[in-house]
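K.L.:
How does the following fold in three dimensions:
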Amino acid sequence: MAALLIFVWGKLPNDYWLWLVILLCPLVHIVMMRSHGHNGQTARRLEDEQASAAKFYTCPECGLRYADPGWAKKCEAWCRKYQSCNLAITKHAVKD
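P.N.:
Reported below is the predicted structural model:
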């Protein structure tokens, strides 16, 4: 773009505002697109979180997630009965 301006005018313009606008346009565009969530990573991250949440079963008492629904039910029963977590059960929880 700057090369085109030099070619058209035949010399460098002394108007610094013009150069400021030319140099700031790409930067403003990048900031604007990221602030509106158009960087592509936001949508992928949301899809990954929804997919991972759908694969696991959560204990409603303590919030730990399990790949097997049986362990989630055992954890829920233990948490309700003793108001604590059992290490033998929680070792099967999925690590985030």
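
K.L.:
Going along the chain, name the helices of the chain.
P.N.:
Applying DSSP state H to the chain gives helices spanning 2-9, 16-35, 41-55, 69-82, 87-90.

K.L.:
helices or strands up against the second one?
P.N.:
Secondary structure elements in contact with helix 16-35, counted by 3 or more CB pairs under 8 Å, 6 or more residues apart in numbering; DSSP states H and E, are helix 2-9. The way it works is simple: take the backbone N, C-alpha and C, and place the C-beta from them, glycine included.

K.L.:
List the contacts of stretch 55-70.
P.N.:
With CB atoms under 8 Å, 6 or more residues apart in numbering as the test, stretch 55-70 has contacts from 71-72, 75-76, 79-80, 85, 90, 92-94, 96.

K.L.:
What is the nearest of those residues to I22?
P.N.:
Closest approach to I22 among the contacts of stretch 55-70 (CB to CB): D96, at 46.1 Å.

K.L.:
And the pLDDT at the closest one?
P.N.:
Looking at D96, its pLDDT stands at 67.
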